[in-house]
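Visitor: Quick one, structure for this:
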Amino acid sequence: MLYIRQILILFVSLYTVRVVLNVLGPEDYGIYSVVGGVVLLFVFLKGTMASATQRFFSFEIGRNDSVKLKQTFSVNLVVYISIGVIAFLLLETIGLWYVSEKLKIPSYRFDSAILLFHYSIFTFIMSVLNTPFMAIIIAHEDMKIYAYISIIEVLMKLGVVVLLMYLPWDKLELYGLLLCVVAIINFSIYLSVCIKKYEECQFKKFYWDLGLFKNLINFTGWTLFGQLSTVFRRQGIIILLNQTFNPIVVAAMAIATNITTQVGLFSANFNMSLYPPIIKAYAAEKKEEMFTLIFKGSRFTFFLIWVFALPLFLTMDTILMLWLKEVPEQTVLFCRLSLVEVLIMAIGYPLTTAARAPGKMKIYELVLGTIQILIFFVSWILFKSGFDAYYTLLVAILANILMFIIRLIILKYLIELQIGKYLKQVMVPVIGVMLCSLIPLLPFFKLFIEDKLILKFLLVVLSVLFSSVSMYFIGMDKHMRNKVRNIVSDKIIIIRKVFKK
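Guide: Residues are numbered from 1 along each chain as shown. Next up, the predicted model:
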């Protein structure tokens, strides 16, 4: 269900970006990206607590402690409401001043940009309040419920795009307002489902545990630094591009980020389903089970994105031309480099999950967070020295390779992860799949380089085919191949029965 959900989200999101870019135009789309980026600078408040919430909910469920789970939910709810209030105050004061005084916004679009900023704040607050309810669903591993609600949300956003094309109001203001309405409806759905389904969410009794609150704050202290560094780097780069280049470059980077985010979510969603069992296995002191989840999870997290990333990388120019009526300059290059970065990040998702299991986040977040911050400052130095915008992505690629190596070293210390075993069971199959997917395409490279749609389509088909075959024979062990064959056989039997009827 998560995979089906993500396929739907991918196509709707790509269509949405195309329509929004055409309706708003490159300039307004750049304004939307940079104004929204200011709001997202505060996403670390939500992201930090989301990480902690997932860990503590799953940990208590793994220990089968219902009373502690109720206390954990109550404490988290109070903290999230506090975060919402803090975020609102900061955004409506410091944030509003920065948008008004520091951002490069054309004077004739200033009022619309300010109104968009207010809408974006309220949308963000709704997403903050929504997080603990989403986390409790995931902690209970009710992934179908999460997938169904997400599908409803993406369909509502598709409706927003349709209304944007036909309603006569200012498009920039209207887009912000409609997204705000979607956020309110989405929050209402999560709240209703959780109150109905989970006892800890029914508000029959308010629980408070000062010791749990201190543990939560202690855990989030360094996680806060890590989340802040990530957001500072990602959204800070958007603002840095706005200050150094022009709105067209910002729009190109925003499109690249949107594409790679949607592709990367295939892996992120798979890792989301791994998060609760990894934490529960650690809480139950089942280390071998946890290591098995980490090794298999790392492989398949990468494979789920590789099967999309390879054809996208090879045919990015054609895809963008078909998708967008107007492709901002440098978008193809930004997209390809961003895909490389997201591939490196994907394989490390289960490692990040495992690092949170012991609750000792100081070394992990301090080292990796510092590297994230350095990406921003190195990019700033390069831009000041006259380097082009794409150099920030080259810096990010090198930094992510370094962070992957450091994750392995830290996990050896935190959970006694065997690096040699990880490299053998994860990196060897991953590299094998990459080589066996790419090498068969090399003889056809000159043919595929021609700008003919049929040849590009053939390239996509072949790249998916080679990737899938490589994953089956190299990426999977014998047990997993048997499971795949059984699943395929069951589906074939069902299809035959349907056609016989």
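
Visitor: Around Ser431, how many other residues sit close by?
Guide: Small correction: residue 431 is Ile, not Ser. Ile431 has 12 neighbours, counted by other CB atoms under 10 Å. Using the backbone N, CA and C atoms, a C-beta is placed for each residue, glycine as well.

Visitor: Now do the buried residues in the helix or strand hosting Ser267.
Guide: Ser267 belongs to helix 247-283 when assigned by DSSP states H and E. Residues 247-260, 262-283 are the ones in helix 247-283 that count as buried (16 or more other CB atoms under 10 Å).

Visitor: Stretch 218-227 now?
Guide: Applying a neighbour-count criterion of 16+ other CB under 10 Å, one finds 219-220, 222-227 buried in stretch 218-227.

Visitor: Let me have those residues in CSV, adding secondary structure as columns.
Guide: CSV is the format used below for the buried residues of stretch 218-227 (DSSP: H, G, I helix; E, B strand; the rest coil):
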residue, secondary structure
Phe219, helix
Thr220, helix
Trp222, helix
Thr223, helix
Leu224, helix
Phe225, helix
Gly226, helix
Gln227, helix
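
Visitor: now, among the residues you listed, which is nearest to Glu199?
Guide: Nearest to Glu199 among those is Phe219, at 24.3 Å by CB to CB.

Visitor: residues in contact with the closest one?
Guide: Contact analysis of Phe219 by CB atoms under 8 Å, 6 or more residues apart in numbering lists 52, 55-56, 359, 361.

Visitor: So which of those are in helices?
Guide: Counted as lying in helices by DSSP state H, out of these, are 52, 55-56.

Visitor: List the contacts of Met471.
Guide: Counting by CB under 8 Å, 6+ apart, Met471 makes contact with 303, 306-307, 433.

Visitor: Ok, Gly359 next?
Guide: Here Gly359 is in contact with 55, 215, 219 (CB under 8 Å, 6+ apart).

Visitor: Ok, Tyr15 next?
Guide: 158, 161.

Visitor: And for Ile397?
Guide: 337, 340-341, 344.

Visitor: Farthest pair within the contacts of Phe219?
Guide: Within these, two members stand farthest from each other by CB to CB: Phe56 and Met361, at 12.8 Å.

Visitor: which one of the two has more residues nearby?
Guide: Set Phe56 next to Met361 and count neighbours by other CB under 10 Å: Phe56 wins out with 26 against 23.

Visitor: That one - nearest residue in space that isn't next to it in sequence?
Guide: What sits nearest to Phe56 in space, not counting adjacent residues and going by CB to CB, 6 or more residues apart in numbering, is Thr72, at 5.0 Å.

Visitor: Quick check: buried residues in the host helix or strand of the one you found?
Guide: Here Thr72 is covered by helix 66-90, with elements defined by DSSP H and E. Within helix 66-90, the residues that count as buried by 16+ other CB under 10 Å are 68-77, 79-80, 83-84, 87-88.

Visitor: same thing with stretch 283-291?
Guide: For stretch 283-291, a neighbour-count test (16+ other CB under 10 Å) marks 283, 290-291 as buried.

Visitor: Hmm, Arg55 and the residue nearest to Phe56 touching each other?
Guide: No. With contact defined as CB atoms under 8 Å, Thr72 does not reach Arg55; the gap is 10.1 Å.

Visitor: which residues are contacting stretch 299-311?
Guide: Contacts with stretch 299-311, where a contact means CB under 8 Å, 6+ apart, come from 3, 263-264, 266-267, 270-271, 274, 339, 342-343, 346-347, 349-350, 425-426, 429-430, 433-434, 437-438, 459-460, 463-464, 467-468, 471, 475.

Visitor: Using PyMOL, define a selection of the buried residues within those.
Guide: Remark: buried members of the contacts of stretch 299-311, expressed as a PyMOL selection using 16+ other CB under 10 Å:
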select buried, resi 263+264+266+267+270+271+274+339+342+343+346+347+349+350+425+426+429+430+433+434+437+438+459+460+463+467+471+475
